[in-house]
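Participant: Pasted the sequence and its predicted model underneath.
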Amino acid sequence: MQFGIFTVGDVTPDPTTGRAPTEHERIKAMVTLAQKAEEVGLDVFATGEHHNPPFVPSSPTTMLGWIAARTERLILSTSTTLITTNDPVKIAEDYAMLQHLADGRVDLMMGRGNTGPVYPWFGQDIRQGIPLAIENYALLHELWREDVVDWQGRFRTPLQGFTSTPRPLDGVPPFVWHGSIRSPEIAEQAAYYGDGFFANHIFWPKEHFQQLIGLYRERYAHYGHGTPEQAVVGLGGQLFVRPNSQDAVREFRPYFDNAPVYGHGPSLEEFTERTPLTVGSPQEAIEKTLTFRESFGDYQRQLFLMDHAGLPLKTVLEQLDILGEEILPVLRREFAAGRPADVPEGPTHAARVAAQRRRTAAST
Amino acid sequence: MTSSTPRTLAVVTAGLSQPSSTRLLADRLAEATRRPLADAGAPVETRVVELRDLATDIAGNLVTGFPAPALREAIGTVERADGVIAVTPVFAASYSGLFKSFFDLFEPTALAGTPVLLAATGGTARHSLVLDHAMRPLFAYLRATVVPTAVFAAAEDWGGDGDPLTDTLPTRITRAAGELAALLSARAGEGAEGDAPERPSGAATGEGSPGLEVTPFAEQLAALRPR
């Protein structure tokens, strides 16, 4: 089981001071959080990809490459990579390069994006979102597995005798998650390829995500990748913790009430009751996170959103200390307890290389 | 009709005062729909959705993108109903904002083929075109089967003899409710034979995911091959 943090990369004013970080401060804060994540014992850092203000991370491999050079163990990922509007050839090249530089500590999460104008800005049509996700990923998948590719599709200029370089490290492409909030088509796509499915279940009622993950697990088995329980599932969540629950609520309320995503709707109390958001003590965060397994089965990756709602960097660094010291050890122990032996761990490059060698040995 | 499984009738009412004339009209339409069917041996179960009680949840859903439990239940009640009666007061020459915001939360196909009776209340009969210029297009967008007679009740309709050359409110209620009851009883026939809702051919459904269907991936890929 892997634990990590994911960041949207928004520039949001701190509602208690009215001050917004500069783009430079926000970008430096994001990479500071990534280094801190490794320091406190987390396994994964993932960044969003956006192409409009108030978001800064338009160039994920540049950022992740910088982090790769300053970390040793941390897996670097995305949340998400826009498979609809990026050229799949460039994704294949950029992330293979990153994979080499990071010695395999790279995976990706594919997403379609939720900002309408990004499609026309990159010459695409939002009404073709699902077909773009399907065709572009089919090409990316092939580019990482076939040395020479002849290809023709609907959305991109054809390729004849094309080789994407560098080739994936050890001949094993980065692991891919497919992120979705509501589309069963994406669950089906993840299942077809035997890839991971990440449900950023932050807003909807749990029942919706139980259906989506249930569908993914059934179809994963249907396509012969393993049992439904062996399908590779990741989940999101958001935390704000202080040693005393009341302190957490008091400190976070002005951030919650004014946040671009949470604010001006249901109360903090209603929101924490109905969504994965925890605002409270470490023990409350532990208890809520453990309910995810009851709802969705044993899973492989848990990512927390910590730098939300305009919280200052200093506060988020304190949050990561609490996460690493008081929450993570208990979660690791509790999630390991009673976990069936045949449920896979979170995907790593080393494990995937070993699996590939076993397959090759078995077939010769 | 011999079916004993009750047909469900969802009554959506957007009146804000308590008691409201909008609710009064909704209740009379519901009863006028239910009674003839019940007399013919087809029970009808009526479920009233008072939007006033859900006003905060509706606003919350607009900003968060997900419904609170009570609102989710209300939306489900309307989506699953065999027939719907939708009644709004006239505000600023149209349906009320609360009424529209509630139906903004429905998927575009959620009411496809559902028989719907439309009604509205207002201070004077001069607002009555709201039925045909605002409400009917909304429910056409939602692909509902809207009955021909929609009912407008102006303040003056609740008393007096009315215009001698126009049907009175009770007559209009009876006519509209009769049209809805006829569609409901037709649906009762469908249900009695145990027809399952149609699925697109080749649809796959996970056993653990009864609400979701998906086209098998090979078909999705094949559909993209260059023509």
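Facilitator: All right, it came through fine.

Participant: most centrally placed residue in the chain?
Facilitator: Went with chain A since none was named. Nearest to the mean C-alpha position of chain A, counting by CA atoms, centre = their mean, stands A:Ser79 at 4.0 Å.

Participant: looking at chain B here, not the other one
Facilitator: B:Val84 (3.0 Å).

Participant: what's in contact with the lowest-mean-pLDDT helix or strand in chain A?
Facilitator: Every helix and strand in chain A was compared by mean pLDDT, DSSP states H and E; the lowest is helix A:268-274, with a mean of 91. Contacts with helix A:268-274, where a contact means CB atoms under 8 Å, 6 or more residues apart in numbering or on different chains, come from A:205, A:249, A:252-253, A:256-257, A:262, A:265-266, A:277-280, B:60, B:64, B:66, B:68-69. (Glycine included, C-beta is placed from N, CA and C.)

Participant: can you confirm the residue nearest to the centre of chain B is in a strand?
Facilitator: Yes: assessed with DSSP: H, G, I helix; E, B strand; the rest coil, B:Val84 lies in a strand.

Participant: re earlier: quick check: what element follows the least confident helix or strand of chain A along the chain?
Facilitator: Using DSSP states H and E, the helix or strand that follows helix A:268-274 in sequence is strand A:278-280.

Participant: Which strands border that following strand, and is each parallel or antiparallel?
Facilitator: Using DSSP bridges, strand A:278-280 pairs in its sheet with strand A:239-241 (parallel).

Participant: which parts of the partner strand are buried?
Facilitator: Burial within strand A:239-241, assessed by neighbour count using 16 or more other CB atoms under 10 Å in any protein chain shown, is assigned to A:Leu239, A:Phe240, A:Val241.

Participant: quick one: it to chain centroid distance?
Facilitator: Averaged C-alpha coordinates place strand A:239-241 at 19 Å from its chain's average position (CA atoms, centre = their mean, to the nearest Å).

Participant: okay, now B:Thr33: neighbour count?
Facilitator: Using other CB atoms under 10 Å in any protein chain shown, B:Thr33 has 31 other residues around it.

Participant: which residues does it contact?
Facilitator: Each residue near B:Thr33 by CB under 8 Å, 6+ apart is listed here: B:Leu9, B:Val44, B:Gly83, B:Ile85, B:Leu117, B:Ala177, B:Leu180, B:Ala181, B:Leu184.

Participant: which SS class is it?
Facilitator: Classification of B:Thr33 by three-state DSSP places it in helix.

Participant: Now whichever helix in chain B runs longest - C-alpha only, PDB.
Facilitator: Looking across chain B with DSSP state H, the single longest helix is helix B:169-192. Backbone C-alpha positions of helix B:169-192 (Å, rounded to 0.1, in the frame of the first residue of the first chain) are rendered in PDB as follows:
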ATOM      1  CA  LEU B 169     -60.400  25.500 -13.000                       C
ATOM      2  CA  PRO B 170     -62.000  22.200 -11.900                       C
ATOM      3  CA  THR B 171     -62.800  21.400 -15.500                       C
ATOM      4  CA  ARG B 172     -59.200  22.100 -16.600                       C
ATOM      5  CA  ILE B 173     -57.900  20.000 -13.700                       C
ATOM      6  CA  THR B 174     -60.100  17.100 -14.600                       C
ATOM      7  CA  ARG B 175     -59.100  17.200 -18.300                       C
ATOM      8  CA  ALA B 176     -55.300  17.500 -17.600                       C
ATOM      9  CA  ALA B 177     -55.400  14.800 -14.900                       C
ATOM     10  CA  GLY B 178     -57.400  12.500 -17.200                       C
ATOM     11  CA  GLU B 179     -54.700  12.900 -19.900                       C
ATOM     12  CA  LEU B 180     -52.000  12.000 -17.400                       C
ATOM     13  CA  ALA B 181     -54.000   9.100 -16.000                       C
ATOM     14  CA  ALA B 182     -54.300   7.600 -19.500                       C
ATOM     15  CA  LEU B 183     -50.600   7.700 -20.000                       C
ATOM     16  CA  LEU B 184     -50.000   6.200 -16.500                       C
ATOM     17  CA  SER B 185     -52.300   3.300 -17.100                       C
ATOM     18  CA  ALA B 186     -50.500   2.600 -20.400                       C
ATOM     19  CA  ARG B 187     -47.300   2.500 -18.400                       C
ATOM     20  CA  ALA B 188     -49.000   0.200 -15.800                       C
ATOM     21  CA  GLY B 189     -49.600  -2.300 -18.700                       C
ATOM     22  CA  GLU B 190     -45.900  -2.200 -19.600                       C
ATOM     23  CA  GLY B 191     -44.900  -2.800 -16.000                       C
ATOM     24  CA  ALA B 192     -47.300  -5.700 -15.500                       C
END
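
Participant: For the helix or strand following that helix, list the C-alpha coordinates in CSV.
Facilitator: Next helix or strand after helix B:169-192 toward the C-terminus (DSSP H and E): helix B:217-222. Extracted as CSV, the C-alpha positions of helix B:217-222 are listed here (Å, rounded to 0.1, in the frame of the first residue of the first chain):
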residue,chain,number,x,y,z
PHE,B,217,-13.6,-1.5,-25.0
ALA,B,218,-13.0,-3.3,-28.2
GLU,B,219,-16.1,-1.7,-29.6
GLN,B,220,-14.9,1.7,-28.5
LEU,B,221,-11.6,1.2,-30.2
ALA,B,222,-13.1,-0.2,-33.3
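
Participant: How far away from the center of its chain is helix B:217-222?
Facilitator: Its chain's C-alpha centre and that of helix B:217-222 lie 36 Å apart, by CA atoms, centre = their mean.

Participant: ok, and what's touching that helix?
Facilitator: By CB under 8 Å, 6+ apart, the residues outside helix B:217-222 that reach it are A:Ile130, A:Pro131, A:Ile134, A:Ala138, A:Glu185, A:Glu188, A:Gln189, A:Ala191, A:Tyr192, B:Gly202.

Participant: Now restrict the residues you listed to buried residues only.
Facilitator: Neighbour-count burial (16+ other CB under 10 Å) is assigned, among the contacts of helix B:217-222, to A:Pro131, A:Ile134, A:Ala138, A:Glu185, A:Glu188, A:Gln189, A:Ala191, A:Tyr192.

Participant: Read off the pLDDT value for the second one.
Facilitator: According to the per-residue confidence, A:Ile134 scores 96 in pLDDT.

Participant: Which residue is the nearest non-sequential neighbour of it?
Facilitator: Take A:Ile134 and drop its neighbours on the chain: the residue closest to it by CB to CB, 6 or more residues apart in numbering or on different chains is B:Gln220, 5.4 Å away.

Participant: can you map out the helices along chain B?
Facilitator: Going by DSSP H, chain B shows helices at B:21-39, B:55-64, B:69-80, B:97-104, B:130, B:136-141, B:169-192, B:217-222.

Participant: can those go into JSON lines with extra columns for mean pLDDT?
Facilitator: Below are the helices of chain B laid out as JSON lines (pLDDT from 0 to 100):
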{"stretch": "helix B:21-39", "mean pLDDT": "97"}
{"stretch": "helix B:55-64", "mean pLDDT": "94"}
{"stretch": "helix B:69-80", "mean pLDDT": "97"}
{"stretch": "helix B:97-104", "mean pLDDT": "98"}
{"stretch": "helix B:130", "mean pLDDT": "98"}
{"stretch": "helix B:136-141", "mean pLDDT": "98"}
{"stretch": "helix B:169-192", "mean pLDDT": "86"}
{"stretch": "helix B:217-222", "mean pLDDT": "91"}
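
Participant: Inside helices: which ones of the buried ones among the contacts of helix B:217-222?
Facilitator: Those of the buried ones among the contacts of helix B:217-222 mapping onto helices are A:Pro131, A:Ile134, A:Ala138, A:Glu185, A:Glu188, A:Gln189, A:Ala191, A:Tyr192, per DSSP H.

Participant: show me the contacts for the fifth one.
Facilitator: With contact taken as CB under 8 Å, 6+ apart, A:Glu188 is in contact with A:Leu215, A:Tyr216, A:Arg219, B:Ala204, B:Val214, B:Thr215, B:Pro216, B:Phe217, B:Gln220.

Participant: 6 Å - rerun?
Facilitator: By CB atoms under 6 Å, 6 or more residues apart in numbering or on different chains, the contact list for A:Glu188 reads A:Arg219, B:Val214, B:Phe217.

Participant: bridging residues for the residue nearest to it when sequence neighbours are not counted?
Facilitator: Nearest non-adjacent residue to A:Glu188, counting by CB to CB, 6+ apart: B:Val214, 4.4 Å away. On the basis of DSSP bridges, B:Val214 is bridged to B:Ala204.
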